[in-house]
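**Q** give me a 3D structure for the following:
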Amino acid sequence: MNVHPRLSYRHPRVPALYWRLVFAFVIATIADIARADDAARVPLWAHDAIFYQVFPERFRNGDSTNDPTHASLEFPKEIPKSWEVTPWTQQWYRRDDWEKEMGPDFYEHGVFHRRYGGDLQGVIDKLDYIQSLGVNAIYLNPVFYARSLHKYDGNSFHHVDPHFGPDPEGDFELMGKETADPASWHWTEADKLFLQLIREAHARDIRIVLDGVFNHTGRDFFAFDDIRKKGRDSAYTDWYVIHEYDNPATEADEFKYQCWWDFDTLPEFADNADGSDLHPKPKRYIMQATARWMDPNGDGDPSDGIDGWRLDVANEVPNQFWRDWNRRVRAINPQAYTVAEFWQDAEGYLADCGFSATMNYHGFAYPIKGFLIDERVGATDFGIMLLDRMNRQPQRVRYAMQNLLDSHDTERVASMIVNSAHDKNRSYIDGEKFDYDVGERSCPRAYPPYDISPPSESHRDVQKLTALMQMTFVGAPMLYYGTEVGMDGADDPDDRMPMLWGDLEYEARSRHPLIAKSGPKRSVKVNEELLAFYRDVIGLRRDHTALRRGEFEVVATHDHQQMIAFTRSDANERLLVVLNRGDNAGMLKIPLSVPALSGAEKLDAIFITRGELKKARSVKSKTDWVLRLPARTGAVWVVNE
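**A** Purely as a prediction, here's the structure:
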């Protein structure tokens, strides 16, 4: 091999320095590229976002004329003709006659077939309420046409469910005239109402994030329905993985196909030949439907569209699809936020796929469950866990991570606390998750000892601690509808009860039909004191940029008293947050030598989770700051020099 002598020459005295400089340059270049990539996929507005999750069917019935019908249900042939919409204020455990006709079991015979009539008009009607909470972003569970109450069995990705809009009959007629070609798509009345929701939310400076379910569909999805009708002659056979077609010569139904977790109501889209991507045909359709909701009038200005997407079971869709999809999303709107449903450590995954963030179960909900709810993790280990998991993501991503405590997929946080491993003296089934959303323990359907008792005052104290942590930690907090008014409930379906509203009178809740000792009837109404607290703690986050964009540092812990202190600081201010999870009044000392409190001359208490603000006490000694708090209490101080 011939090498030009000048290119092979190196000065004998500087090779090590030369290569160190080259290495440093390469590392710096890679870091610059990574930061540019993070900036491209994480909109800065997400750092200031406070999300409110709305489950449309259970939020508010704003238009009773569009209520679901027997024919619109998921399994109409299996449900008695006497079925009717369940009254919004009826107590949850009462069973209607049609449910009793189906069978004796509360969970197996009826509750999943209930409909309460929640719709988009109800969301529009309550936008002022949502705004009054102080939140500035709404995450909507699926709104696209589907038969189930949860809408994760989408029968269309380009149409809102007609029963969420004002004219179901007219919408279905229009939809019946369409094909997969976007040129044939209409704007139904339900679609138009959703666009009105976007406009009215934006007018209140509230952003809209929509649930995208692109791994599977419902059986009435136009492509799958065509296969069911035409078999091998369908033009859509390559959209799905068909194992066996029905033989019309036999009475049996031999039709078999790949479906999500063996739920035959959820056929999965096919991948491409090597499994690295979705099949190009459903992929093209998803891209087209995505653009429809992000820039509805197609004029290149996305301000009339949604502001982002939450992506269901993201890790079950090939990464290459997400790379292309996220590029397409940001070509439409560079400020779009995309958050993946991903329950485990997402280190590397988000950057590879191009997502802005993940629903932060692993980095937030799990540690909160272990420390504040179950008291199975010490304060020191809690702080270490938070820092370790937070630091696995780039800085710009950390501040956009969606920090949730509960959702439509989990127990409500109030019921998690009532059923804490500490209070019930239970060992964990899944210690890595601190039994967060472990089905064997999270619902009386699978675990009869599950306690459905209403939260006590001390339980509410703990709930307030979790809320303070949510509003003061790094990341974008997300509140599940009803948490702020005191709703409780076990895992699905009990976490999806109708929203409590102050203008409605609710029937007292009776004993649980599966639990002999579930207590006397209890009143069901808005917890006004708790609602006021949530408005205040959300306001705390909104009022202080350090809580949204500032640095995070754990400055002291006390394992015996279960206390932790951390600071949030930016160029404008320093805040000190202290949580006392213990059941006794606690004292925590922070050495004056701690850099995060350097130069501090005074700590001014500005927030406390319960009781009078003066109970958050601070004294400066010769060597330490001494903080005192009542039991199960958190507080925030401004650090003044």
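**Q** Ala365 belongs to a helix?
**A** Yes. The assignment for Ala365 is a helix, going by DSSP: H, G, I helix; E, B strand; the rest coil.
**Q** contacting residues for it?
**A** 403-405, 436 (C-beta atoms under 8 Å, 6 or more residues apart in numbering). Using the backbone N, CA and C atoms, a C-beta is placed for each residue, glycine as well.
**Q** how close does it sit to Gln470?
**A** Distance of Ala365 to Gln470, computed by C-beta to C-beta, to the nearest Å: 10 Å.
**Q** can you list residues touching both of these two?
**A** 403, 405.
**Q** got the residue ranges for the strands in the stretch 101-250 of the chain?
**A** For the stretch 101-250 of the chain, applying DSSP state E, counting those that start in this stretch gives strands covering 137-140, 207-212, 242-244.
**Q** so which of these is the most surrounded?
**A** Compared across the strands of the stretch 101-250 of the chain, strand 137-140 shows the largest average neighbour count, a mean of 24 (mean count of other C-beta atoms under 10 Å).
**Q** model confidence score at the closest residue to Phe106 other than its chain neighbours, please.
**A** Distance criterion C-beta to C-beta, 6 or more residues apart in numbering; nearest residue to Phe106, sequence neighbours excluded, is Pro513 at 4.4 Å. pLDDT for Pro513: 77.
**Q** give the contact list for Pro513.
**A** 93, 95, 106.
**Q** in TSV: the contacts of Ala365, plus pLDDT.
**A** Formatted as TSV, the contacts of Ala365 follow (pLDDT from 0 to 100):
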residue	pLDDT
Asn403	98
Leu404	98
Leu405	98
Tyr436	96
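**Q** nearest to Gly519, of those?
**A** Leu405 (24.5 Å; C-beta to C-beta).
**Q** my guess is the closest one contacts Val413, does it?
**A** Yes. Between Leu405 and Val413 there is a contact at 4.5 Å, judged by C-beta atoms under 8 Å.
**Q** find residues that contact each of those two.
**A** In contact with both Leu405 and Val413: 466, 480, 483, using C-beta under 8 Å, 6+ apart.
**Q** so which of the residues you listed sit within strands?
**A** Judged by DSSP state E, the shared contacts of Leu405 and Val413 include Tyr480 as members of strands.
**Q** could I get the shared contacts of Leu405 and Val413 as CSV with neighbour count?
**A** As requested, the shared contacts of Leu405 and Val413 are exported to CSV (neighbours: other C-beta atoms under 10 Å):
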residue, neighbour count
Thr466, 25
Tyr480, 23
Thr483, 24
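**Q** out of the shared contacts of Leu405 and Val413, who's nearest Lys602?
**A** For the shared contacts of Leu405 and Val413, the nearest to Lys602 is Thr466 (28.9 Å; C-beta to C-beta).
**Q** quick one: that closest one and Val626, what's the gap?
**A** Counting by C-beta to C-beta - Thr466 and Val626 are separated by 26 Å.
**Q** what's the answer for Gly154, then?
**A** From Gly154 to Val626 the distance is 57 Å (C-beta to C-beta).
**Q** check Leu479 too.
**A** Applying C-beta to C-beta, the value for Leu479 to Val626 is 34 Å.
**Q** please apply the same query to Phe434.
**A** Taking C-beta to C-beta, one finds Phe434 at 31 Å from Val626.
**Q** counting neighbours, go ahead and name the busier of those two.
**A** Phe434 (20 against 14; other C-beta atoms under 10 Å).
**Q** give me the number of residues near Arg328?
**A** Neighbour tally, Arg328, other C-beta under 10 Å: 16.
**Q** if I read this right, it contacts Ala289, doesn't it?
**A** No. Counting by C-beta under 8 Å, Arg328 does not reach Ala289; the two are 11.2 Å apart.
**Q** in the chain, what helix or strand scores lowest on average pLDDT?
**A** Lowest on mean pLDDT, DSSP states H and E among the helices and strands of the chain sits helix 5-8, with a mean of 31.
**Q** please enumerate the strands of the stretch 451-600 of the chain.
**A** 476-480, 551-558, 563-569, 574-580, 586-591.
**Q** which neighbouring elements make contact with the shortest one?
**A** Strand 476-480 sits against strand 51-54, strand 402-404, helix 457-472, helix 528-543, with contacts defined as 3 or more C-beta pairs under 8 Å, 6 or more residues apart in numbering; DSSP states H and E.
**Q** the same query, at a cut-off of 10 Å, please.
**A** Where contact means 3 or more C-beta pairs under 10 Å, 6 or more residues apart in numbering; DSSP states H and E, strand 476-480 is packed against strand 51-54, strand 137-140, strand 337-340, strand 402-404, helix 457-472, helix 528-543, helix 545-549.
**Q** what inclination does the fifth one have with respect to strand 551-558?
**A** I take that to be helix 457-472. 150 degrees (axes from the mean of the first three to the mean of the last three C-alpha atoms, to 10 degrees).
**Q** got the buried residues for helix 457-472?
**A** 459-472 (16 or more other C-beta atoms under 10 Å).
**Q** which stretches of the stretch 351-500 of the chain form helices?
**A** Secondary structure of the stretch 351-500 of the chain (DSSP state H, counting those that start in this stretch): helices at 366-368, 379-390, 395-398, 413-418, 421-424, 457-472.
**Q** what's the closest of those helices to Asn136?
**A** Across the helices of the stretch 351-500 of the chain, closest to Asn136 is helix 457-472 (C-beta to C-beta), at 13.2 Å.
**Q** centre of the chain versus that closest one, how much separation?
**A** Put simply, helix 457-472 sits 18 Å off its chain's centre (C-alpha atoms, centre = their mean, to the nearest Å).
**Q** let me see the mean pLDDT of it.
**A** 98.
**Q** relative to strand 563-569, how tilted is that helix?
**A** 30 degrees.
**Q** what's the angle between helix 457-472 and helix 379-390?
**A** 40 degrees.
**Q** per-residue pLDDT, Arg522?
**A** On pLDDT, Arg522 comes in at 89.
**Q** check contacts around it.
**A** By C-beta atoms under 10 Å, 6 or more residues apart in numbering, the residues touching Arg522 are 91, 453-454, 508-510.
**Q** ok, and the most crowded of these?
**A** Most surrounded of the contacts of Arg522: other C-beta under 10 Å gives Arg509, at 20 neighbours.
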